[in-house]
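Novice: just a sequence and a predicted model for now, questions to come.
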There are 2 protein chains.
Amino acid sequence: MITIADYLLTRLEQLGVKHMFGVPGELNLAFCDAIEDFKKIAWVGGCNELNSLYAADGYARAKHSLGVSLTIFGPGELSAMNGFAGAVSEDVPILHIVGVPSITQQKEKSIVDHTLGDGRYVFDAFSNAAQEITYLQAILSKKEEAAAKIDKILVDCISWSRPAYLALPTNLVTEKISSESLKFPLSRSQTQNDPAAEEFVADRITSLFAQAVAPQADAIVLVDLGAIRHNVLKEVYDLLKRTGFPVYATPMGKTAIDETYERYGGIYWGSALSSPEVVKAFAEAKLVLSIGSFQGDFNSGNFNNNIPTDRMIELHADRTKIQDDIFPGVGMKKLIPKLSARLEHLRHIATQIPIPKFDNFVPQGGSEKITHEWLWPRVGQFFKPNDVIVADTGTAQYAIVDVRLPKGSDLLSQMRWASIGWSIGAALGACLAVKESEPRRTVVFVGDGSLQMTVQELSSLIRTGVKPIIFVLNNSGYTTERLLHRESEQRKYPDIAQWDYSGLLRVLGDLDGTASRSYQARTKKELTELLDDEEFGNTKFIQLVEIFMDKLDAPWALENWPQRFVPTRALLKRRIA
Amino acid sequence: MITIADYLLTRLEQLGVKHMFGVPGELNLAFCDAIEDFKKIAWVGGCNELNSLYAADGYARAKHSLGVSLTIFGPGELSAMNGFAGAVSEDVPILHIVGVPSITQQKEKSIVDHTLGDGRYVFDAFSNAAQEITYLQAILSKKEEAAAKIDKILVDCISWSRPAYLALPTNLVTEKISSESLKFPLSRSQTQNDPAAEEFVADRITSLFAQAVAPQADAIVLVDLGAIRHNVLKEVYDLLKRTGFPVYATPMGKTAIDETYERYGGIYWGSALSSPEVVKAFAEAKLVLSIGSFQGDFNSGNFNNNIPTDRMIELHADRTKIQDDIFPGVGMKKLIPKLSARLEHLRHIATQIPIPKFDNFVPQGGSEKITHEWLWPRVGQFFKPNDVIVADTGTAQYAIVDVRLPKGSDLLSQMRWASIGWSIGAALGACLAVKESEPRRTVVFVGDGSLQMTVQELSSLIRTGVKPIIFVLNNSGYTTERLLHRESEQRKYPDIAQWDYSGLLRVLGDLDGTASRSYQARTKKELTELLDDEEFGNTKFIQLVEIFMDKLDAPWALENWPQRFVPTRALLKRRIA
Ligand SMILES: Cc1ncc(C[n+]2csc(CCOP(=O)(O)OP(=O)(O)O)c2C)c(N)n1
Ligand SMILES: Cc1ncc(C[n+]2csc(CCOP(=O)(O)OP(=O)(O)O)c2C)c(N)n1
C-alpha cells in the first residue's frame, strides 16, 4: 500500500521527472510534505504561479519530456492559466496538479475562501474553465479510481504531448491505495498504423518521390515543431542521412535539425521573409515532404508559406496528408522509417539537389550603436555547441530565426502562443532540466517589456544556483508594437518605466554580489569585448547584460512584416531589393 | 456619429472613470490610440496583466465605483483571470475589455497566434472560460448592436456590482455608430421593491424589534461587505443614527462603519476569534439585523459565526431573509430607509444597550523584537483619519481585523478570494483613485511572499508619482502556511529567497533616488522612531519599510485559528484564557 501522493510521485519519477515547480498553499500543503519527503524529485518554489508554469514548460521543452507544476485551486490555478494555455498551444507535455478542497467540502458546496461566492459555481468553475483550454483532465474523487485515473492522464499527456490538468482533493493525498500497478512503468501509447493503410501511403509517397526526381531531382524536406514534440527526431535524421534530400526548418522547427548539417538549407519563413535562395527552392520544388507542421502567423511569415497542394506531403503524429487526401491513423513515428528504406536508393540523385548556404555574416562598419542588423550575427558567433537558447516574444524572436545556431543547440521560443515574459520562467526550467544530465549553457534574450512581466523569477535562478546568461534588450519599451502598428511609433502607451536592470540580480537575491555579474553594453565595442571575454563565456556566475538599442530599431523580418496571403510572386524579389 | 471606441470611452467617462489599467498588444492597439486621444481618461500601463487587473480592482474598491482593465485576447486575458475572479468573488464592479481578432478572422477560424492551435477551439475557448467565472459577458460582433450591448453590460456591472467581460474585435474599434444614446447617461438600475412585499417585510421586522426590546432592549446590527458594495452606507448610517442601536462589523465589512462611532462595538469574527465582550453580545442578543452578509472561512472565523435563525434578519441587495423566510425582490436600498422611520421611536431604549470598547492597546515591556502582538496596535496609533489601508492576504490580513482604524479610513483587503500579491496592484489603483478627489494617504501591509508575487508593480507606483507607504513584513517566507499547517513549520517549501527589499524602489524606477525612501526596522525602537517621525508620516515620497519578524510569530487570530463549526459554548471562554 502507498499513499496517493506517493503513487503520483513515483509515477512522475518513473517518467524521468527530477524537478517540479509551483507555489504551496493550504490546499496542497500535505502534498508538499509528501514531495519533500519523497526526496527523488526536487521542489522548486516559484515567486508566482504563472512563472512556475512557465518553468515547467521550459523544463519540458528542454528535456523533450514531462514537466510538472503544482498550485492551489482558484487564485493559484487561474494565475497559471495563461502559461498552461501556452503549453496547450505549442504541444508541451505538462502535468498541472491542482490542490482542491476535500470531497466533503465539495459535496457540502459550502462557500469557502478561494471560491466565487456563488452557490452554483462553487467548485466546478475553475476546472470547467480549464476544460475550455485542455481536453485532458482528471478530477480525482474516489481513492479506488485514483491510480487508474493518474495512469491514464499521464499516458495521454506524454503520448499526445498535450498538457493535462489533475485535481487532487486535500482528503485524498494521504489515502492509501495499492502500489501493485507501479511495477509496470507507463510509456507513450503509440498508435499502431494500420498495416494496409501504411503500406498504401508509403507506396504513394514513394511514387511521388520517383516522379519528383525525374528528370532532374527536386524534392525537399521541411521540418516543423511537431517533429520535436512527437519524438521523431531520430527517425527524421535517419531519413535525411540515408536519402540525402535537402532539409529546411520552419521558425518553430528551428534546431530540430542541426543547423550545421551539410544538407541543411536554413529556415523557410514563407515567401516574404525567407532568403531569396530559400524562397526559390520552395517555389521550384516539385515535392515538399513536411514533417510535423504547425500553423500560426509567426511561423508562416503571416500566412505566406503556401505550397501548392499537389506538391505537398504532410506527416503528422496521427495522420498523413498526401496532396488532397488525408489518411487518418497513419502516424509518422512508424511511417518515417519505412520511407527511409523506400527512398534510400534515390540518394545519388537527392544529394545533387543544391542547397543555399546558411551562415552568420556580421556587417562591418557603420556607427558604434548596437543595431539588430549587427547584434544577431555577432551573437551567432558567440554561441557554442549545445547551448540552450531561449528567446522571448518581441524583437528577439523575430531576429533569432535568422541566426545560424551551433550543433547540438536547442532554441526554445514560444512562437505561436507568444506570451511575453515567458522566457524568464522557461529559462529556470530549462537550466534545471539540462543540469540533470550534462553541463550546457543557457542563453536568454528578453526585451525590457517582457522582462518586466516576470522579473521576480530571476530570484529563483539565483536561488537554485543555475548560471544562465541573460541579454536584456533595452529599447525603451514595446518596440514590436511600435513596428506592427506604425500609428503607435511615437505614442506614449508603448513606453515602459526605465529600470536599473544591472542592479536587479543583487537586489533579487544575490545580496552579497558573489553569485552574479551584471553588465551594460552601449556600443558595439563594449559588447564585442564582453562576448570575447573567455570568463564571461564560461558562465561561472549568473550573468545579465543590458544592451541599449534604439526605440525604433528592429530586425529585418519585423520591419518588413508582410500582409497576410500576399501572392508569392509579389514577394519573391522583395528581400533582394 | 462616433467611433465605437469613443462611444465606450464616453460611457466610461460618464460613469466617473478617470484612470484605466492594462497592457497593450496588437489586438488592442487601435483602442489604445483612441484612449490616448480621448484625453479624459488616463491610461496606466501595467508591467503585466494580472497586476493591472488588481489595479482596476483596487481603483473600484477605493472609489466605490467602476474600475476598468484592458488586455489582449489569449495570453493577456488569461494572465488577468485570477484577478478577475477575485473581483467576482468579492463583488467588485470591473469592466474587463479584451481586444480580440477581427470578425473576419474569427469566421475564417484561421489558426492565428495566441490561439490554442486547435480548430474547434480557436476563438471561443477564452471567452467560454471567462464565462465560467462571470455571468456578465458581451461579445461585440456587429456594429449595429455595439451601443446597446455596451450600455447593457455597463448597467449590469454597476447595478449588481459584478465584474463584466467585454470582447472588442479589432475591426469594430474605429467603426462609426450613432452617438445619440450618449445623451442619456447610464445609472444603476435599482430593483423597485414590490410595495406590498416591502410593507409586509417592514412590518415583520418592526414587530421582531418590538419583541426584542421588551422587557430589556437587546438587538444589534451587523454590517458586512455587501453594505459597501451595494451602495447603502448612507442608508445604514442614517438607520444607526436615528435608532441608536449598537453596531458591529464583520472582517470584510470593516470600515463600512466608522470605527470611532460611539455606538460601534468592533468586529464580530465568530465565537472563536472575537473579543469575549463581542462574543457575549452576539450570544445574548435577541435579534441581529445583518446587512449585506458575505460567506467565507475568513470572514466567519472558519464558520463559527452562526446566529440562531430565529434571532436573525438578513438584508441583501436583492432579497430579505427573516428567520426562516426568504423574500426575493425585497432589496435593502429601499427597505433600510423605511426601517429607519419605523424603528426611530425605539431610540431611547436602543441607546441603553451596552457596547464593548474597541481600541488599540500597545503592550508595554518585553524584548525589543518586533512581534505581531506589539506591531499592530502600534501601527494603529500611526494611522490618521481618512487613510486608505491595504492589507494583503497573510499575517497582515489576520492582524488588521483587530486594529481600530480611524475615522474616514477605508480598509481594502481581499478576504474571501485571498490571492496573495494583490495588494501591490490594488494599491496602485487605490492611490490613483483617491488622488482624483482629495489627498489621502495609502498605507500598505504586505508579506514578503506576497510582495514577491507582484513586485514589479512597485515600478508603476513610482512612475505615476503616487506616494504610498508600504510595510513589508519580512518573516522569511510563507508564515501563514506554517501556522495553518503545523507540519510545515520547519519544512523547506514555505521558505522564499531573501531579497534586499529596501533596494527595490531604486532599481525598479527611482534611478536617482529622489522619489523614494526605504527603511529597515529590526527593533521596536527603530520602528517607533520612524512612525513618530513627522516627515515619514507626511508621505512626500513613496516609502517602503522592511520590518523584520520571526518566522513563526503570528497574530493571535492565526495562532488560534479554530476548527470549523465548533459549538459556540466550547469557544466562548477561549479568548479570555
Ligand atoms: C502576456 C502578453 N501581453 C501582451 C502581449 C503583446 N505584446 C506582444 S510583443 C509586446 C512588446 C514586447 O516588448 P519587449 O519585451 O520590450 O520587446 P521588444 O519588442 O521591445 O523587443 C507586447 C506587449 C503579449 N504578446 N503577451
Ligand atoms: C495566488 C496565491 N497563491 C498561493 C496562495 C496560498 N497562500 C496563502 S497565504 C500564503 C503565504 C503568504 O506569505 P507572506 O506574504 O510572506 O505572508 P506571511 O504569511 O508570511 O505574513 C500563501 C502562499 C494564495 N492565497 N494565493
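Specialist: Sure, I can see it. Numbering: from 1, shown residues only, chains lettered A, B, ... in the order given. Ligands and ions are numbered 1, 2, ... in the order given.

Novice: how about the one residue in the stretch 451-577 of chain A that gets nearest to ligand 2, what does it touch?
Specialist: Closest to ligand 2 within the stretch 451-577 of chain A is residue A:456: 12.9 Å, counting by CB to the nearest ligand atom. In short, each C-beta sits where N, CA and C put it, glycine included. Applying CB atoms under 8 Å, 6 or more residues apart in numbering or on different chains, we find residue A:456 in contact with A:47-48, A:51, A:508, B:452-453, B:455-456.

Novice: who in chain A is up against ligand 1?
Specialist: Residues of chain A lying close to ligand 1 by CB under 6 Å from any ligand atom are A:393-395, A:418-420, A:447-450, A:473, A:475, A:478-481.

Novice: give me the pLDDT for residue A:577.
Specialist: pLDDT for residue A:577: 43.

Novice: quick revisit: out of the contacts of residue A:456, who's nearest residue A:90?
Specialist: Residue A:90 lies nearest to residue A:51 out of the contacts of residue A:456, by CB to CB, at 17.4 Å.

Novice: so how far is ligand 1 from the closest one?
Specialist: 12 Å (CB to the nearest ligand atom, to the nearest Å).

Novice: that residue: helix or strand, and which one exactly?
Specialist: Per DSSP states H and E: residue A:51 is located in helix A:49-63.

Novice: before we move on, what about residue A:565?
Specialist: Using DSSP H and E, residue A:565 sits within no helix or strand.

Novice: is it true that it touches residue A:304?
Specialist: Yes. Contact status for residue A:565 versus residue A:304: in contact at 6.9 Å, counting by CB atoms under 8 Å.

Novice: neighbour-wise, which of these two wins?
Specialist: The neighbour comparison of residue A:565 against residue A:304 (other CB atoms under 10 Å in any protein chain shown) goes to residue A:304, with 23 against 10.

Novice: returning to what we had before: most neighbours out of the contacts of residue A:456, which is it?
Specialist: So for those (other CB under 10 Å), the most neighbours sit at residue B:453, 31 neighbours.

Novice: who's the closest spatial neighbour of that one, skipping the chain neighbours?
Specialist: Closest residue to residue B:453 apart from its sequence neighbours, by CB to CB, 6 or more residues apart in numbering or on different chains: residue B:421 at 2.8 Å.

Novice: if I look at the one you found, how far off is residue B:454?
Specialist: As defined by CB to CB, to the nearest Å, residue B:421 lies at a distance of 4 Å from residue B:454.

Novice: find residues that contact each of these two.
Specialist: A:48, B:54.

Novice: how many neighbours does the residue nearest to residue B:453 have?
Specialist: Per other CB under 10 Å, the neighbour tally for residue B:421 reads 32.

Novice: residues touching it, list them.
Specialist: If you count contacts by CB under 8 Å, 6+ apart, residue B:421 has them with A:48, B:54, B:392, B:450-454.

Novice: could I have the CA atoms of stretch A:463-481 written out in CSV?
Specialist: Taking Å, rounded to 0.1, in the frame of the first residue of the first chain, the C-alpha atoms of stretch A:463-481 are listed here in CSV:
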residue,chain,number,x,y,z
ARG,A,463,18.4,30.6,-5.6
THR,A,464,18.7,27.4,-7.5
GLY,A,465,22.3,28.2,-8.4
VAL,A,466,21.9,27.9,-12.2
LYS,A,467,24.0,30.2,-14.3
PRO,A,468,22.3,31.4,-17.5
ILE,A,469,23.4,34.4,-19.5
ILE,A,470,20.5,36.9,-19.9
PHE,A,471,20.7,39.5,-22.5
VAL,A,472,18.1,42.2,-21.9
LEU,A,473,17.3,44.4,-24.9
ASN,A,474,16.7,47.8,-23.5
ASN,A,475,14.9,49.7,-26.3
SER,A,476,12.7,51.8,-24.1
GLY,A,477,9.5,49.8,-24.3
TYR,A,478,7.4,47.7,-26.5
THR,A,479,9.2,48.1,-29.8
THR,A,480,7.4,45.2,-31.5
GLU,A,481,4.2,47.1,-31.1
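
Novice: which residues does the residue of chain A found nearest ligand 1 contact?
Specialist: With CB to the nearest ligand atom as the measure, residue A:447 is the residue of chain A nearest to ligand 1, at 2.2 Å. Residue A:447 is in contact with A:392-396, A:420, A:472-473, A:475, A:478-480, counting by CB under 8 Å, 6+ apart.

Novice: and for residue A:400?
Specialist: A:254, A:376, A:389, A:391, A:411, A:413, A:445.

Novice: could those residues be laid out in TSV, adding pLDDT and secondary structure?
Specialist: Listed next are the contacts of residue A:400 as TSV, based on pLDDT from 0 to 100; DSSP: H, G, I helix; E, B strand; the rest coil:
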residue	pLDDT	secondary structure
A:254	98	coil
A:376	98	helix
A:389	98	strand
A:391	98	strand
A:411	98	strand
A:413	98	strand
A:445	99	strand
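
Novice: in JSON lines, list the residues you listed along with distance to ligand 2 and neighbour count.
Specialist: JSON lines is the format used below for those (distance: CB to the nearest ligand atom, whole Å; neighbours: other CB atoms under 10 Å in any protein chain shown):
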{"residue": "A:254", "distance to ligand 2": "35", "neighbour count": "30"}
{"residue": "A:376", "distance to ligand 2": "38", "neighbour count": "22"}
{"residue": "A:389", "distance to ligand 2": "31", "neighbour count": "24"}
{"residue": "A:391", "distance to ligand 2": "28", "neighbour count": "28"}
{"residue": "A:411", "distance to ligand 2": "32", "neighbour count": "24"}
{"residue": "A:413", "distance to ligand 2": "27", "neighbour count": "26"}
{"residue": "A:445", "distance to ligand 2": "29", "neighbour count": "27"}
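
Novice: out of the residues you listed, which is nearest to chain B?
Specialist: Using CB to the nearest CB, residue A:413 comes nearest to chain B of these, at 12.4 Å.

Novice: what's that closest one in contact with, if anything?
Specialist: A:252, A:254, A:390-393, A:397, A:400.

Novice: out of the residues you listed, which sit inside strands?
Specialist: When the contacts of residue A:413 are checked against strands (DSSP state E), the matches are A:390-391.

Novice: let me know the closest of the contacts of residue A:400 to residue B:323.
Specialist: Closest to residue B:323 out of these is residue A:413 (63.2 Å), distances taken as CB to CB.

Novice: quickly list what the closest one is bridged to.
Specialist: Per DSSP bridges, the residues bridged to residue A:413 are residue A:391.

Novice: pick the one among the contacts of residue A:413 closest to chain B.
Specialist: residue A:393 (8.7 Å).

Novice: wait, that closest one touches residue A:419, no?
Specialist: Yes. Taking CB under 8 Å as the definition, residue A:393 is a contact partner of residue A:419 at 6.7 Å.

Novice: which of the two has more neighbours?
Specialist: Under the criterion of other CB under 10 Å, the comparison of residue A:393 against residue A:419 puts residue A:419 first, with 28 against 25.

Novice: list the contacts of the more buried one.
Specialist: Contacts for residue A:419 (CB under 8 Å, 6+ apart) come out as A:82-83, A:86, A:393, B:74-75, B:79.

Novice: coming back round to it: mind checking which of the contacts of residue A:447 land in helices?
Specialist: A:395-396, A:479-480 (DSSP state H).

Novice: any quick ChimeraX command for the buried ones out of those residues?
Specialist: Provided next is the ChimeraX selection string for whichever of the ones in helices among the contacts of residue A:447 are buried by 16 or more other CB atoms under 10 Å in any protein chain shown:
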select /A:395,396,479,480
